[in-house]
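Asker: Whatever this is, show me its structure:
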Amino acid sequence: MKKKYKISFILVNLEGEEESTYQRLSNYIESLNAKIEEVKKFGNIEFSRITKKTEKEGNYIQYYVIADKHFPNLLKNKLKLEQKIKRILIELY
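Answerer: Numbering: from 1, shown residues only. Here you go, the predicted model:
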């Protein structure tokens, strides 16, 4: 059974690589047989609490997708080593 998910990413250290990173994330999502319904790009937002001196702001983006119930675990495993991703939040909506 397919479910609807909202995936929120906080990306750091993009430095002009925004579009290529967005495309790479879309390719990862689609490679897991998920259908992307909508993408919302919020741009750079300063962190309220800085954990690293080199990461004072993050680039926020949300994907709305339809996928099967195993999708969240598969996506987290696939993106585990991606260094530009600071946080991933996957929610049902």
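Asker: can you pull out the strands in this structure?
Answerer: Using DSSP state E, the strands found in the chain span residues 2-11, 35-46, 57-68, 85-92.
Asker: I'd like those as TSV, with mean pLDDT and mean neighbour count appended.
Answerer: For the C-beta atoms, the positions are set from N, CA and C on the backbone; glycine is no exception. Formatted as TSV, the strands of the chain follow (pLDDT from 0 to 100; neighbours: other CB atoms under 10 Å):
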stretch	mean pLDDT	mean neighbour count
strand 2-11	96	18
strand 35-46	94	12
strand 57-68	96	18
strand 85-92	95	13
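Asker: how about a markdown table for the ones you listed, with distance to S26 added?
Answerer: What follows is those, written out as a markdown table (distance: least, CB to CB, whole Å):
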| stretch | distance to S26 |
| --- | --- |
| strand 2-11 | 11 |
| strand 35-46 | 6 |
| strand 57-68 | 8 |
| strand 85-92 | 14 |
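Asker: The ones you listed: which one's closest to E19?
Answerer: strand 35-46 (9.8 Å; CB to CB).
Asker: And for stretch 74-91, what's in contact with it?
Answerer: With contacts defined as CB atoms under 8 Å, 6 or more residues apart in numbering, stretch 74-91 is touched by 5-14, 17, 21, 28-29, 31-32, 55, 58, 72.
Asker: same thing but at 7 Å, please
Answerer: 5-14, 21, 28-29, 32, 55, 58, 72 (CB atoms under 7 Å, 6 or more residues apart in numbering).
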